[in-house]
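[1] coords please:
(2 chains)
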Amino acid sequence: DAGVIQSPRHEVTEMGQEVTLRCKPISGHNSLFWYRQTMMRGLELLIYFNNNVPIDDSGMPEDRFSAKMPNASFSTLKIQPSEPRDSAVYFCASSYDGTVANTGELFFGEGSRLTVL
Amino acid sequence: DQQVKQNSPSLSVQEGRISILNCDYTNSMFDYFLWYKKYPAEGPTFLISISSIKDKNEDGRFTVFLNKSAKHLSLHIVPSQPGDSAVYFCAAGANNLFFGTGTRLTVIP
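    Modelled structure (predicted):
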């Protein structure tokens, strides 16, 4: 089975440009999470969806960040305009309620490394 | 404010010895506690978990201990192997997970 698929793996852009990160969760999973990894804060939860509905977006740093999940198999995280301090690795993760009830486990993609110059 | 804290950014251990990684959390409502392992350029992978109704869970060389009164959990790896060298993230939560900042474990051959 394919795991969580993220694209692009690496993105280098200039300050002020729009960045779109994409995620395909594991088929059958009904929860999707976007995390950002930085040295200072580790893995920060940005937003999570359950059954395509945003449940908690309190971790989204500011209005420049937005996330959508138009269907069960696709989500995007958009940054517009991007700034150098947005440079980080962005991870998408998915799970289904049965897993969460048993172990709380999330399945992560390989991440998208964003560099904003 | 960090709800899950890992106060040791790094740990070095000799091969064959025990590795002990520690984690503290602040929210007494958390139901699940997990450890993830992360290699460079890869996503975190699940290692072991424990629910709030237990105080110990063991899986081979890995054991997780939970002390709810102290809001503390730890991961013991024994014996440690060079392949265990990675960054270990502690996570806790209920419907969603909060992660610590990670501890980089280096197992010296």
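[2] my guess is residue A:74 meets residue A:23, correct?
    Yes: counting by C-beta atoms under 8 Å, residue A:23 is a contact partner of residue A:74 at 7.3 Å. Every residue, glycine included, has its C-beta placed from N, CA and C.
[3] I'd say residue A:106 and residue A:93 touch.
    Yes: using C-beta under 8 Å, residue A:106 is in contact with residue A:93, at 4.1 Å.
[4] Common neighbours of the two, please.
    residue A:33 (C-beta atoms under 8 Å, 6 or more residues apart in numbering or on different chains).
[5] just the helices in chain A please.
    Using DSSP state H, the helices found in chain A span residues A:97-102.
[6] Let me fix that, I meant to ask about chain B.
    So, for chain B - with DSSP H - there are no helices.
[7] Would you list the strands that the helix or strand of it with the lowest mean pLDDT pairs with, along with their directions?
    In chain B, no helix or strand scores lower on mean pLDDT, DSSP states H and E than strand B:97-99, which sits at a mean of 87. Here strand B:97-99 is paired, per DSSP bridges, with strand B:86-93 (antiparallel).
[8] Now the strand it pairs with: buried residues?
    Buried residues in strand B:86-93, counted by 16 or more other C-beta atoms under 10 Å in any protein chain shown: B:86, B:87, B:88, B:89, B:90, B:91, B:92, B:93.
[9] Close to chain B: what parts of chain A are there?
    Within chain A, the positions near chain B by C-beta under 8 Å from any C-beta of the partner chain are A:4, A:31, A:33, A:35, A:39-45, A:48, A:50, A:55-56, A:91, A:93, A:100, A:103-111.
[10] Just want the most central residue of chain A.
    By C-alpha atoms, centre = their mean, chain A has its centre lying nearest to residue A:34, at 2.7 Å.
[11] For residue A:6, see how far away that residue is.
    Per C-beta to C-beta, to the nearest Å, residue A:34 is found 10 Å from residue A:6.
[12] okay, and the common contacts of those two?
    Common neighbours of residue A:34 and residue A:6 (C-beta under 8 Å, 6+ apart) are A:23, A:90, A:91, A:92.
[13] Put together a markdown table for those, with pLDDT and neighbour count on each row.
    Converted to a markdown table, these look like this (pLDDT from 0 to 100; neighbours: other C-beta atoms under 10 Å in any protein chain shown):
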| residue | pLDDT | neighbour count |
| --- | --- | --- |
| A:23 | 98 | 25 |
| A:90 | 97 | 22 |
| A:91 | 97 | 27 |
| A:92 | 97 | 30 |
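[14] Right, I'll call it a day here.
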